[in-house]
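S.K.: okay, sequence plus prediction incoming.
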Amino acid sequence: MGVVVTLGGERDRKPSLDGLSEFVADDLGAVNELIVRRMDSPVKMIPQLASHIIAAGGKRLRPMLTLAAAQMCGYQGQRHISLAACVEFIHTATLLHDDVVDESDLRRGVTSANAVFGNQATVLVGDFLFSRSFELMVEDGSLEVLSILSHASAVIAEGEVMQLMTTNNTETGETQHLDVIRAKTAQLFAAACRIGAVVAERPRVEEEALETFGMNLGIAFQLIDDVLDYSAKQATLGKSIGDDFKEGKISLPVVLAFRRGTEDERVFWRRTLEDLEQNDGDLVRAIDLMERHDALIDTVERARHYGAIARDALGIFPESPLKVAFGGLINFCIERAY
């Protein structure tokens, strides 16, 4: 493939998840144990397929948000453990369905579940994990939690359909693309954060602040993912470069390059993304056009903007090492581009 795009120089100290991870390490261990127990089934293929994607790793970012939000709100009980597992089940179910829709061969650096077990089994096990998540919601016993997480699940499904409608459509604008991101990715970030305040029985203003934090963090996170698909850094994350391009997916770098380009350049985008007529060298040209029109750099700047909104949302909480760790998480999500 040979495509290398560098979006910035090496930084002396790269932001990481370590700061936040240290605060929730014990709770996250309990969450992982619960995930293993609750994905079990007498139907052997279910735990085999589910463990395939779960064993592949992942940052557990969304359950970490629930655990850390509950901790920042002073929660002392155990409900956040099962709800964090619930959030991870929702996320994993969407990944399984995503890989089928996208016909992906890799997930987290290993062969995707659908490539190993087939599309039918992958969809059905995704449905199983969704069902498990709803069992955990019901067991929690809170109608408010059930409302937040069930609504998030419905919005995520809407986001999947919205993305399907924008795929191969070069007329997609920035607002429409951001709507997809809010629904498909950021909604679960927002819900994961908000339920941390709900279990702690904090005032609604704190619930809404954490929801705003999660929503804008999720937008920033996905915008950087948009960039990474055209970056050499993608290879270090276990993903191949240019997958979105090959599938005709419309991301913000594409939107910006298309809008800022010449008519000849738009003809190129229509051929490669709408008609999916792609030749050797087309991915290289796509990246060149994005660089020429600052589409990648400006997408990172958009991510910084949403990261700043997320940071401001935490302003109502008292200063603490955990709040600092949340700030480090924002930096991590954005600096992944470098």
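M.R.: Now that the structure is in, tell me what you want to look at.
S.K.: number of nearby residues for His91?
M.R.: By other C-beta atoms under 10 Å, the residues close to His91 number 21. Heads up, the C-betas are built off the backbone N, CA and C, glycines and all.
S.K.: list the contacts of it.
M.R.: Arg62, Leu188 (C-beta atoms under 8 Å, 6 or more residues apart in numbering).
S.K.: what's the helix or strand for it?
M.R.: Using DSSP states H and E, the element containing His91 is helix 79-102.
S.K.: as PDB, could you dump the C-alpha coordinates of that helix?
M.R.: The C-alpha trace of helix 79-102 is given here as PDB (Å, rounded to 0.1, in the frame of the first residue of the first chain):
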ATOM      1  CA  ARG A  79     -24.300  -0.600  40.600                       C
ATOM      2  CA  HIS A  80     -21.700   1.100  38.400                       C
ATOM      3  CA  ILE A  81     -19.900  -2.200  37.800                       C
ATOM      4  CA  SER A  82     -22.900  -3.900  36.100                       C
ATOM      5  CA  LEU A  83     -23.800  -0.800  34.200                       C
ATOM      6  CA  ALA A  84     -20.300  -0.400  32.900                       C
ATOM      7  CA  ALA A  85     -20.500  -4.000  31.700                       C
ATOM      8  CA  CYS A  86     -23.900  -3.100  30.100                       C
ATOM      9  CA  VAL A  87     -22.300  -0.200  28.200                       C
ATOM     10  CA  GLU A  88     -19.500  -2.500  27.000                       C
ATOM     11  CA  PHE A  89     -22.000  -5.100  25.800                       C
ATOM     12  CA  ILE A  90     -23.900  -2.400  23.800                       C
ATOM     13  CA  HIS A  91     -20.600  -1.200  22.300                       C
ATOM     14  CA  THR A  92     -19.500  -4.700  21.400                       C
ATOM     15  CA  ALA A  93     -22.800  -5.600  19.800                       C
ATOM     16  CA  THR A  94     -22.600  -2.500  17.600                       C
ATOM     17  CA  LEU A  95     -19.000  -3.500  16.600                       C
ATOM     18  CA  LEU A  96     -20.200  -7.000  15.500                       C
ATOM     19  CA  HIS A  97     -23.000  -5.500  13.500                       C
ATOM     20  CA  ASP A  98     -20.700  -2.800  12.000                       C
ATOM     21  CA  ASP A  99     -18.200  -5.400  10.800                       C
ATOM     22  CA  VAL A 100     -20.900  -7.300   8.900                       C
ATOM     23  CA  VAL A 101     -22.300  -4.100   7.400                       C
ATOM     24  CA  ASP A 102     -18.800  -2.900   6.400                       C
END
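S.K.: which residues in the stretch 51-200 of the chain form strands?
M.R.: 106-107, 110-111 (DSSP state E, counting those that start in this stretch).
S.K.: worst average pLDDT in the ones you listed?
M.R.: Lowest mean pLDDT within these: strand 106-107, at a mean of 61.
S.K.: just how off-centre is stretch 66-82 within its chain?
M.R.: On the basis of C-alpha atoms, centre = their mean, to the nearest Å, stretch 66-82 sits 21 Å off its chain's mean C-alpha point.
S.K.: buried ones in it?
M.R.: By neighbour count on 16 or more other C-beta atoms under 10 Å, the buried set for stretch 66-82 is 66-73, 75, 79-82.
S.K.: out of the residues you listed, who's nearest Arg336?
M.R.: Ala68 (18.7 Å; C-beta to C-beta).
S.K.: so the closest one touches Val24, yeah?
M.R.: Yes: judged on C-beta atoms under 8 Å, Ala68 makes contact with Val24 at a distance of 5.4 Å.
S.K.: where does the stretch 151-300 of the chain dip in pLDDT?
M.R.: Across the stretch 151-300 of the chain, the ranges flagged by pLDDT under 70 are 232-240.
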